[in-house]
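In: After the sequence you'll find the predicted model.
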Amino acid sequence: CRVHGAPDVFTTFTCNPKWPEITAALEPGQTPPDRADVIVRVYHMKLAEYLDEIKSGRAFGPIKAVMYTVEFQKRGLPHAHILVWRRGGSDGDGWFAGSCCGEQKPDSPCVCLATLASSWDH
C-alpha cells in the first residue's frame, strides 16, 4: 500500500471440487479429499489462468499491480485472496459488478466474487 496506495479490487478464487479435471482423476469410490495432489495441481493451473486474465487487463482493465495469497479452508480446499491495483485508479461503476462465474458463465475457470476493495472487510 505504501507504493501503490489502497487496492482498487479485492477478489477471491476458490477451488471447486466438482471441476471436471478433479472428478475425472478420481478412482471409483474416491472423493476429492482423497486426492489432495489432484486438487492442488488443478487449482494451481486454474489460478494461473485467472491471474493471467487479471494481469493481461482482460478482467479489470489495465493493471498497475497484483498481490495474492493462497490459504486452505477448514475442509482443505485452497482459495486465494487477490488485491488488484488498476492503472488510473478505481472506477467501479460500469466496469464490474457481482460474481464472475456460476450458472451464468459455466465455462469460467473460477468460483469467485469480486468487490471494490474499499468496501471489503475480512
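Out: Now that the structure is in, tell me what you want to look at. Source: prediction; values computed, not measured. Residues are numbered from 1 along each chain as shown.

In: Just the helices from this structure, written as ranges.
Out: Ranges of helices within the chain are 20-23, 36-55, based on DSSP state H.

In: so can I have TSV of those helices showing distance to Thr11?
Out: Every residue, glycine included, has its C-beta placed from N, CA and C. Compiled in TSV, the helices of the chain are given as follows (distance: least, CB to CB, whole Å):
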stretch	distance to Thr11
helix 20-23	21
helix 36-55	8
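
In: Put together TSV for these, with mean neighbour count and distance to Ile63 on each row.
Out: Shown next, in TSV, are the helices of the chain (neighbours: other CB atoms under 10 Å; distance: least, CB to CB, whole Å):
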stretch	mean neighbour count	distance to Ile63
helix 20-23	14	27
helix 36-55	16	6
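
In: closest one to Cys1 among those helices?
Out: helix 36-55 (18.3 Å; CB to CB).

In: Only alpha carbons, please: show that closest one as PDB.
Out: Provided in PDB are the C-alpha atoms of helix 36-55 (Å, rounded to 0.1, in the frame of the first residue of the first chain):
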ATOM      1  CA  ALA A  36      -5.200 -33.700  -2.400                       C
ATOM      2  CA  ASP A  37      -2.500 -33.900  -5.000                       C
ATOM      3  CA  VAL A  38      -5.000 -33.600  -7.800                       C
ATOM      4  CA  ILE A  39      -6.900 -30.800  -6.100                       C
ATOM      5  CA  VAL A  40      -3.700 -28.700  -5.600                       C
ATOM      6  CA  ARG A  41      -2.400 -29.300  -9.200                       C
ATOM      7  CA  VAL A  42      -5.800 -28.400 -10.800                       C
ATOM      8  CA  TYR A  43      -6.200 -25.400  -8.500                       C
ATOM      9  CA  HIS A  44      -2.800 -24.100  -9.300                       C
ATOM     10  CA  MET A  45      -3.400 -24.400 -13.000                       C
ATOM     11  CA  LYS A  46      -6.700 -22.600 -12.800                       C
ATOM     12  CA  LEU A  47      -5.400 -19.900 -10.500                       C
ATOM     13  CA  ALA A  48      -2.600 -19.200 -13.000                       C
ATOM     14  CA  GLU A  49      -5.300 -18.800 -15.800                       C
ATOM     15  CA  TYR A  50      -7.200 -16.400 -13.600                       C
ATOM     16  CA  LEU A  51      -4.200 -14.300 -12.700                       C
ATOM     17  CA  ASP A  52      -3.300 -14.200 -16.400                       C
ATOM     18  CA  GLU A  53      -6.800 -12.800 -17.100                       C
ATOM     19  CA  ILE A  54      -6.200 -10.100 -14.400                       C
ATOM     20  CA  LYS A  55      -2.600  -9.200 -15.400                       C
END
